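Q: starting from these lines, generate the structure:
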Amino acid sequence: MSIMTTPGELTGDYVLDTTRTRIGFVARHAMGTKVRGQFEEFEGGVHLDGADPSQSSARLTIQARSIQTRNRRRDKQLGSTFLGVDGHPALTFVSTEVRQSGKTRFEVTGDLTMRGVTKPVTVDFELTGAENDPQGGFRVGFKASITINRNNWGVNWNAATRVTVSPKVTLELDVTAIQQS
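A: Numbering: from 1, shown residues only. I've put the predicted structure just below:
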């Protein structure tokens, strides 16, 4: 993707391209090994205001049951015991503030909800590109990562996992969104 030169060209409403977007995570075990995974089912949208980025907004809904770590047993345990999918089927993020922090960087503050607990977070996004696609649509790309303490949202199984699995989890977002007509 190439980056557009004028922010005004980005103004509009967008939906996530779920085939080109990755929402992943990395957690570390006490042994030093990392578990990487991602969520397969999600939807979201963005309103971009190129003239006044503070008027921009974002929303994301992730189906907790769609967690994938390439180990079915672990996926089932993460979904049921850590994320509590039966009582809390979705993780959500809704922005409350957007601030431009550089030419292609934005700080997006919002409410992250997991297991029924809502906490504010600030995510640093970088605009990675914008271009017309072969089908005549206009796409933008962003990437971001944020490290959270999962215990703040009650994402835990038992006392042993508080020790064997790091409370720090890095969420990774590689987003492509398509402008709506």
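Q: can I assume residue 176 sits in a strand?
A: Yes. Residue 176: assigned to a strand according to DSSP: H, G, I helix; E, B strand; the rest coil.
Q: thinking it is in contact with residue 15, fair?
A: No. The pair residue 176 and residue 15 fails to qualify as a contact (C-beta atoms under 8 Å) at a distance of 10.3 Å. Yep, even glycine has a C-beta here, placed from its N, CA and C like the rest.
Q: so which of those two has more stuff around it?
A: Using other C-beta atoms under 10 Å, the more surrounded residue of residue 176 and residue 15 is residue 176, with 20 against 13.
Q: need the contact list for that one.
A: Neighbouring residues of residue 176 by C-beta atoms under 8 Å, 6 or more residues apart in numbering: 16, 17, 20, 21, 139, 140, 141.
Q: please name the nearest non-neighbouring residue to it.
A: Distances taken as C-beta to C-beta, 6 or more residues apart in numbering place residue 20 nearest to residue 176, at 3.9 Å, with adjacent residues excluded.
Q: ok, that neighbour - how many residues close by?
A: The burial count assigned to residue 20 is 14, neighbours taken as other C-beta under 10 Å.
Q: how about residue 149?
A: In terms of burial, residue 149 registers 12 neighbours under the definition other C-beta under 10 Å.
Q: which element is residue 73 on?
A: Residue 73 is part of helix 72-77, with elements assigned from DSSP states H and E.
Q: output the lowest mean pLDDT helix or strand found in the chain.
A: When the helices and strands of the chain are compared on mean pLDDT, DSSP states H and E, helix 159-164 comes out lowest with a mean of 59.
Q: the protein: strands as residue ranges?
A: Remark: strands assigned in the chain by DSSP state E are 12-16, 22-29, 34-39, 42-48, 57-63, 67-68, 90-100, 105-114, 117-132, 138-149, 165-179.
Q: reformat these as a markdown table; add mean pLDDT and distance to residue 155.
A: As requested, the strands of the chain are arranged in a markdown table below (pLDDT from 0 to 100; distance: least, C-beta to C-beta, whole Å):
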| stretch | mean pLDDT | distance to residue 155 |
| --- | --- | --- |
| strand 12-16 | 98 | 23 |
| strand 22-29 | 93 | 10 |
| strand 34-39 | 95 | 13 |
| strand 42-48 | 97 | 17 |
| strand 57-63 | 98 | 13 |
| strand 67-68 | 97 | 11 |
| strand 90-100 | 98 | 10 |
| strand 105-114 | 97 | 6 |
| strand 117-132 | 96 | 9 |
| strand 138-149 | 96 | 9 |
| strand 165-179 | 94 | 8 |
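Q: the closest residue to residue 101 other than its chain neighbours: what's it in contact with?
A: Of all residues not flanking residue 101 in the chain, residue 107 sits nearest, at 5.0 Å (C-beta to C-beta, 6+ apart). Contact analysis of residue 107 by C-beta under 8 Å, 6+ apart lists 97, 98, 99, 101, 122, 123, 124, 125.
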